[in-house]
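1. Need coordinates for the following:
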Amino acid sequence: MNIRRSARMDAGYALGLLAPLALAFAIAFTGSNQPLFLWMQHASHVIPTVVFASFWESATYAGDGLAVFALAALFLQSRPHAVWAAVFAAIPGAVFTHGLKALYPFARPAVVLGSKTITVLGPELHRSSFPSGHALSVAVLAGLVCLAYRNVAIRIAALAFAVLVSLSRVAVGVHWPFDIAVGFFGGWLAAWLGWICVVDAPWFRTRQASLIISVVLVGSAAALCFHPMGLPEAIVYRYALALVAFVLAAASVVRTAPVVTGSGRYAAARFAAAAHLSGMTRRFIRGRFGGRAAAGPGASPPAAR
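-> I've put the predicted structure just below:
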């Protein structure tokens, strides 16, 4: 069976898929889940006490699904299809994490080890430890960055961020290392599945697609202001992320909204997205003012890359 070139997983990405899976098997076979958790919790205190809670709560907040989706606004400058890939990746990702949580409702560290013997930041969770949904979400983001960008520095930065966010789940005392490794594997796989859904579909690279996902991201950024997740020390990060994501997504809406100009006598007019998607904008201008309307910046969908 011939598999199209764009759907093939290259060796580098496959290594990123196998690494967390191998780690999960190593933890399971050596029985080192609890000792490794305790060692990682101890190591997390390398962060100074004065910023310990705010640092780790902010890091763990960054792995929340809504926060990760808001971070995807960074893709909007030139890669709206990568944001759409994240939308498609969320489907197998949700099936993976919620399915395993239902099948294996393992106890959280606070129950097994006692909340007074470990560091717990934020809400004290008791059940559904396996796998880590935060690790899965941030692995989706890192995986899509690695698929969408060739720049090695950008890829390394995305991976470092994903690893930090994943490790924060141990630092705040809500997940075992085994949970994180399996969650990261699931997110990395989901990112690839989402990617192959859009990479060969030209529509996801058009201005219409960018406009729709930009509007969704504006709403996601605004929703962060009302989504504290019981992590009060992450408030600065939460509002900063909401502001940056809102500005980037709103700028993309303005940039990709339909712009049609008439003669020099008329100023540029912006029409609703629905009118643009249905092709009514250009016909309306031609019928009202006559002549051929000049297309605004980006009127022609970019060619698939």
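2. In this protein, what residue spans correspond to strands?
-> 259-261, 269-270, 294-295 (DSSP state E).
3. ranking those strands by mean pLDDT, which is last?
-> With a mean of 36, strand 294-295 has the lowest mean pLDDT of the strands of the chain.
4. Determine how far the last residue of stretch 164-179 lies from the first.
-> Length of stretch 164-179, first residue to last, C-alpha to C-alpha, to the nearest Å: 15 Å.
5. What residues sit buried inside it?
-> 164-179 (16 or more other C-beta atoms under 10 Å). C-beta coordinates here come from the backbone N, C-alpha and C atoms, glycine included.
6. do the same with stretch 214-227
-> For stretch 214-227, by 16+ other C-beta under 10 Å, it's 214-218, 220-222, 224, 227.
7. Mind checking which of the residues you listed are in helices?
-> Judged by DSSP state H, helices contain the following of those: 214-218, 220-222, 224.
8. From H98, how far out is the residue most central in space within the chain?
-> In the chain, the residue lying closest to the centroid (C-alpha atoms, centre = their mean) is V68, at 3.6 Å. As judged by C-beta to C-beta, to the nearest Å, V68 and H98 stand 16 Å apart.
9. Ok, V165 next?
-> In terms of C-beta to C-beta, V165 sits 20 Å off from H98.
10. Surely Y104 touches H98?
-> No: between Y104 and H98 there is no contact under C-beta atoms under 8 Å: 11.6 Å.
11. OK, contacts around I213?
-> I213 makes contact with 76, 80, 83-84, 87, according to C-beta atoms under 8 Å, 6 or more residues apart in numbering.
12. Is it possible to get TSV of those residues that adds distance to V247 and pLDDT?
-> Listed next are the contacts of I213 as TSV, based on distance: C-beta to C-beta, whole Å; pLDDT from 0 to 100:
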residue	distance to V247	pLDDT
L76	11	80
P80	17	91
V83	16	95
W84	21	96
V87	21	96
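13. nearest to A148, of those?
-> Ranked by distance to A148 (C-beta to C-beta), the contacts of I213 are led by V83 at 9.6 Å.
14. What is the neighbour count of the closest one?
-> 27 (other C-beta atoms under 10 Å).
15. quick check: domain ranges of this structure?
-> Split into domains by automatic domain parsing, the chain comes to 5-256, 260-294.
16. Out of those domains, which one sits most buried?
-> Of all the domains of the chain, domain 5-256 has the most neighbours on average by mean count of other C-beta atoms under 10 Å, namely a mean of 19.
17. Could you measure from W203 over to P48?
-> The value you get for W203 to P48, if C-beta to C-beta is used, is 49 Å.
18. With W195 instead?
-> Distance from W195 to P48, counting by C-beta to C-beta: 39 Å.
19. for S128, same thing?
-> For S128 relative to P48 (C-beta to C-beta), the value is 32 Å.
20. same deal with A139?
-> In terms of C-beta to C-beta, A139 sits 28 Å off from P48.
21. go on, L243?
-> L243 is 26 Å from P48, by C-beta to C-beta.
22. Also F25?
-> Distance of F25 to P48, given as C-beta to C-beta: 35 Å.
23. now swap in F161 and tell me
-> With C-beta to C-beta as the criterion, F161 and P48 are 20 Å apart.
24. How about V198?
-> Taken as C-beta to C-beta, the span from V198 to P48 is 43 Å.
25. Let me see the mean pLDDT of stretch 222-237.
-> pLDDT averaged over stretch 222-237 gives 96.
26. do the same with stretch 182-197
-> Mean predicted lDDT for stretch 182-197 stands at 96.
27. got the contact list for I154?
-> Listed by C-beta under 8 Å, 6+ apart, the contact partners of I154 are V145.
28. Now for the chain: which helix has the highest residue count?
-> Max-length helix for the chain by DSSP H is helix 80-103.
29. Restrict that one to CA atoms and write it as PDB.
-> Only the C-alpha atoms of helix 80-103 are listed here, as PDB (Å, rounded to 0.1, in the frame of the first residue of the first chain):
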ATOM      1  CA  PRO A  80      -3.200  28.700  10.500                       C
ATOM      2  CA  HIS A  81      -3.400  25.100   9.300                       C
ATOM      3  CA  ALA A  82      -1.300  24.100  12.400                       C
ATOM      4  CA  VAL A  83      -4.000  25.500  14.600                       C
ATOM      5  CA  TRP A  84      -6.600  23.500  12.700                       C
ATOM      6  CA  ALA A  85      -4.400  20.500  13.200                       C
ATOM      7  CA  ALA A  86      -4.600  21.100  17.000                       C
ATOM      8  CA  VAL A  87      -8.400  21.000  16.700                       C
ATOM      9  CA  PHE A  88      -8.300  17.700  15.000                       C
ATOM     10  CA  ALA A  89      -5.700  16.400  17.300                       C
ATOM     11  CA  ALA A  90      -8.000  17.100  20.300                       C
ATOM     12  CA  ILE A  91     -10.300  14.300  19.200                       C
ATOM     13  CA  PRO A  92      -8.000  11.300  19.400                       C
ATOM     14  CA  GLY A  93      -6.300  13.100  22.400                       C
ATOM     15  CA  ALA A  94      -9.500  13.200  24.300                       C
ATOM     16  CA  VAL A  95     -10.400   9.600  23.500                       C
ATOM     17  CA  PHE A  96      -6.900   8.500  24.600                       C
ATOM     18  CA  THR A  97      -6.800  10.400  28.000                       C
ATOM     19  CA  HIS A  98     -10.400  10.000  29.000                       C
ATOM     20  CA  GLY A  99     -10.600   6.400  27.900                       C
ATOM     21  CA  LEU A 100      -7.600   5.400  29.900                       C
ATOM     22  CA  LYS A 101      -8.700   7.400  32.900                       C
ATOM     23  CA  ALA A 102     -12.000   5.500  32.800                       C
ATOM     24  CA  LEU A 103     -10.300   2.100  32.400                       C
END
